[in-house]
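[1] What follows is a protein structure lacking sequence information:
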């Protein structure tokens, strides 16, 4: 991995990014387990060729800083920043799986702290967020396999519930006054569904298999639409003099029906504009897209 500093940020920030101490010492970590196999394998195969700019790692630095604060604030009754490992022939097929949780209190409440957007937290509260649910349940699985690592005052702490504490990096007090749904505070506690042990074991076993198989083939498995953060085509009903769409609909036919319901006619102060969809992650957030055949086909 090579870093650039196109924004000429202070050398201290550059060093902080370059000196990331993270090292899982395992065949696969929890974050990589839940990630698309295509991305992980492309990163592994092209690691020395990948280039990222320091400015794109600022939010990652903010997230790491929160972990330092939690480590400083924990009491003797809590366990924080604990990395766990597990390996067997049946579930992990010989691979070592690792994962680190942020905080586990004596009541069995496992909390993961995330610096994220207000929109992301709102979406998680309303519809759930599969990657957060997957991550915390894999950590819970690792906890169940490492009871001796979770002993506090001679008492084993068992995970009873899961949560994400979302710290909203772009929270706005003004938005609170203009939207009933917008988070009322700059933090949000988001409960995460705790799976049964059987569900956790099945998920880990299947994901390990998918990642192991991906390393053996030349044609990597395609990331799913969800993993690509796919944004489908939309048809915007536009009114003259207005910048934002009156409505966004899935088909032109639905847009035409909407115009008819409003007694509006194309060419008379309104129009329908097609907004092409895109794979948002591929186009803007994947650091191996230049090595990906799907991106090369769709980026022109």
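    Happy to help now that I have it. Just so we're clear, the structure is a prediction, and the values are computed from it rather than from any experiment.

[2] Can you pull the phi/psi pair for the closest residue to residue 87 other than its chain neighbours?
    Spatial nearest neighbour of residue 87, excluding adjacent residues (C-beta to C-beta, 6 or more residues apart in numbering): residue 96 at 4.3 Å. From N, CA and C alone the C-beta is placed, and that goes for glycine too. Backbone dihedrals for residue 96, given as degrees, to the nearest 10, come out at phi -100, psi 120.

[3] Tell me the spacing between residue 96 and residue 135.
    Remark: distance between residue 96 and residue 135 (C-beta to C-beta, to the nearest Å) = 18 Å.

[4] Assign a three-state SS to residue 259, would you?
    helix (DSSP: H, G, I helix; E, B strand; the rest coil).

[5] what residues are up against it?
    237, 265, 266, 270, 272 (C-beta atoms under 8 Å, 6 or more residues apart in numbering).

[6] Take those residues and keep only those in helices.
    Secondary structure from DSSP state H places none of the contacts of residue 259 in helices.

[7] closest to residue 251 among those?
    Nearest to residue 251 out of the contacts of residue 259 is residue 272 (C-beta to C-beta; 10.4 Å).

[8] Hmm, residue 239 and that closest one touching each other?
    No. Residue 272 lies out of contact with residue 239 (C-beta atoms under 8 Å); the separation is 11.0 Å.

[9] Between the two, point out the one with more neighbours.
    residue 272 (18 against 14; other C-beta atoms under 10 Å).

[10] State the distance from that one to residue 246.
    10 Å.

[11] where exactly do the strands run in the stretch 1-150 of the chain?
    Here the stretch 1-150 of the chain has its strands, by DSSP state E, counting those that start in this stretch, at 2-4, 28-29, 51-53, 79-87, 96-104, 109-116.

[12] mind putting the ones you listed in CSV, mean pLDDT, distance to residue 290 and mean neighbour count included?
    Putting these into CSV (pLDDT from 0 to 100; distance: least, C-beta to C-beta, whole Å; neighbours: other C-beta atoms under 10 Å) gives the following:
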stretch, mean pLDDT, distance to residue 290, mean neighbour count
strand 2-4, 94, 13, 12
strand 28-29, 97, 24, 20
strand 51-53, 95, 9, 12
strand 79-87, 94, 32, 17
strand 96-104, 96, 29, 22
strand 109-116, 96, 27, 20
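
[13] Pull the contacting residues for residue 232.
    250, 277.

[14] quick revisit: where's the residue nearest to residue 87 relative to residue 134, distance?
    For residue 96, the distance to residue 134 - C-beta to C-beta - is 19 Å.

[15] just residue 119 next, same as before
    Residue 119 is 20 Å from residue 134, by C-beta to C-beta.

[16] which one of these two has more residues nearby?
    Taking neighbours as other C-beta under 10 Å, residue 119 and residue 134 compare with residue 134 leading, 21 against 12.

[17] Just confirm that one contacts residue 204, I think it does.
    No. Counting by C-beta under 8 Å, residue 204 is not a contact partner of residue 134; they are 9.9 Å apart.

[18] can you give me the helices in the stretch 201-300 of the chain?
    252-261, 280, 293-298 (DSSP state H, counting those that start in this stretch).

[19] right, and these - which one's nearest residue 163?
    Across the helices of the stretch 201-300 of the chain, closest to residue 163 is helix 280 (C-beta to C-beta), at 27.0 Å.

[20] Show me what that closest one is packed up against.
    Judged by 3 or more C-beta pairs under 8 Å, 6 or more residues apart in numbering; DSSP states H and E, helix 280 is in contact with no other helix or strand.
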